[in-house]
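Student: Turn this into a structure:
(one chain, ligands or ions: 2)
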Amino acid sequence: MNCTKCKTKAVIGLPRHNAAFCKSCFNGFVHDQVARAIKSEKMFGKEDRILVAVSGGKDSLALWDILLTLGYRADALYVNLGIGTYSVQSHAKVTKFAEAVATSHGATLHLQTVEQEAGAGIKELAQLIHRPTCSTCGTIKRYQFNRVAIKQQYDVMATGHNLDDEAARLLGNVLHWQEEYLDKQGPSLPASVEGFAKKVKPLYRLTERELAAYCVLNKIDYIVEECPMAKGARTLLYKEVLNRLETESPGTKQTFYWGFLDKQARTAPPTTSMTEKDQAALHPCAACGQPTTAEICSYCKLMARAKSSAAL
Ligand code: Q46
Ligand code: ZN
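Tutor: Ligands and ions are numbered 1, 2, ... in the order given. I've put the predicted structure just below:
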């Protein structure tokens, strides 16, 4: 198998593009896909300060690497969730990457530790308030990222969601006809009222397999294991189903998700309507000042509940 572009020996085949690439042309392909995503979704410019949400996994570390290589001003934030060895290992991968690659680009890694801030790890907090771990985790991560983004005046927050993640989420939302979630499935969500950072997903044109290959070829050391709490999650099942379809018919995932984005762009400009909706509903939390639709934000409510349960 030879590289479609330069005809030297290929290291990876991409059936969905009917192509194969050598390492250097594959890197070019990956960078080009991200550059196209940034441009077509008007995510950010060269002057903007970007905060990348890193977990130690392949997607977020690849994203940080790609943005720095493309010359963007990208710092990162890692939130240590306190999930046993998973958190210890993922934390180590993130600091290793920051030291080996990011600092030479002048980029900064911000660190937050849930245990330090809340007095307990994610699992214990979830038990205290009788809520599923992943929903507790979601509330805390969203809050921490938004707070750092606003406090440190970043223009935009970037996450490592890839084509597989977005296609699986879309499948879940369509299967359950969750129309209010469909509205928010775009790869670029604008900043809403003052206090809510703009969020973008520059990897939505690349698959999980392509990002794993990018890390391996570029010696980016990432945590291979999924978070242990993800076991049995619906999204994993949707990903399996989509992978089956992709093997039978390459390009299914991109046709599904990109087709949805095309349709969405043609029917209504989601960015304007969402800004208006959000602006009407959000105001600063009475306890911490972060944006919320209630008087007290869900993070402060969660912390208050955890504190009172711990005191019982
Ligand atoms: S990190 Fe958090 Fe995920 Fe782990 S506890 Fe659940 S939500 S599975 S992306
Ligand atoms: Zn609050």
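Student: From now on I want contacts and neighbour counts done on CA atoms only, so please keep to that.
Tutor: Will do.
Student: pLDDT below threshold where in the chain?
Tutor: Within the chain, the stretches with pLDDT under 70 are 192-196, 268-279, 312.
Student: Which positions in it make contact with ligand 2?
Tutor: Cys285, Ala287, Cys288, Cys297, Cys300 (C-alpha under 5 Å from the ion).
Student: With secondary structure as added columns, please give those residues in CSV.
Tutor: As requested, the residues of the chain next to ligand 2 are exported to CSV (DSSP: H, G, I helix; E, B strand; the rest coil):
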residue, secondary structure
Cys285, coil
Ala287, coil
Cys288, coil
Cys297, coil
Cys300, helix
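Student: Need the three-state assignment for the residue in the stretch 51-200 of the chain that ligand 2 sits nearest to.
Tutor: Going by C-alpha to the ion, ligand 2 is nearest to Tyr143 of the stretch 51-200 of the chain, at 8.6 Å. Secondary structure for Tyr143, judged by three-state DSSP, is helix.
Student: As a check, name the ranges of all helices in this protein.
Tutor: 23-40, 58-69, 84-97, 114-118, 122-129, 133-151, 163-175, 179-182, 208-217, 234-248, 252-267, 270-281, 298-311 (DSSP state H).
Student: Give me whichever of those helices is most buried.
Tutor: Highest mean neighbour count among the helices of the chain (mean count of other C-alpha atoms under 10 Å): helix 58-69, with a mean of 22.
Student: counting contacts, what elements does that helix pack onto?
Tutor: In terms of contacts (3 or more C-alpha pairs under 8 Å, 6 or more residues apart in numbering; DSSP states H and E), helix 58-69 is packed against strand 49-54, strand 73-80, helix 208-217.
Student: Now rank the residues of the chain next to ligand 2 by neighbours and give me the top one.
Tutor: When neighbours are counted by other C-alpha atoms under 10 Å, Cys297 leads these with 21 neighbours.
Student: so the residue of the stretch 51-200 of the chain closest to ligand 2 makes contact with Cys300?
Tutor: No. Between Tyr143 and Cys300 there is no contact under C-alpha atoms under 8 Å: 9.6 Å.
Student: Mind telling me which residue of the stretch 51-200 of the chain is nearest ligand 1?
Tutor: Cys134 (3.5 Å; C-alpha to the nearest ligand atom).
Student: Return the residues in contact with that residue.
Tutor: Met229, Ala230 (C-alpha atoms under 8 Å, 6 or more residues apart in numbering).
Student: circling back to that earlier point, now distance to Gln264 too, for the helices and strands packed on helix 58-69, in JSON lines please.
Tutor: Listed next are these as JSON lines, based on distance: least, C-alpha to C-alpha, whole Å:
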{"stretch": "strand 49-54", "distance to Gln264": "26"}
{"stretch": "strand 73-80", "distance to Gln264": "29"}
{"stretch": "helix 208-217", "distance to Gln264": "24"}
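Student: So which of those is nearest Ser104?
Tutor: Closest of those to Ser104 is strand 73-80, at 12.1 Å (criterion: C-alpha to C-alpha).
Student: Adjacent strands (with direction) for that closest one?
Tutor: strand 49-54 (parallel), strand 109-113 (parallel) (DSSP bridges).
Student: quick one, the last one and helix 84-97 angle?
Tutor: Compare the direction of strand 109-113 with that of helix 84-97 by axes from the mean of the first three to the mean of the last three C-alpha atoms, to 10 degrees and you get 160 degrees.
Student: Can you pull the residues of the protein lying near ligand 1?
Tutor: Counting by C-alpha under 6 Å from any ligand atom, the chain comes close to ligand 1 at Thr133, Cys134, Cys137, Gly138, Cys227, Met229, Ala230.
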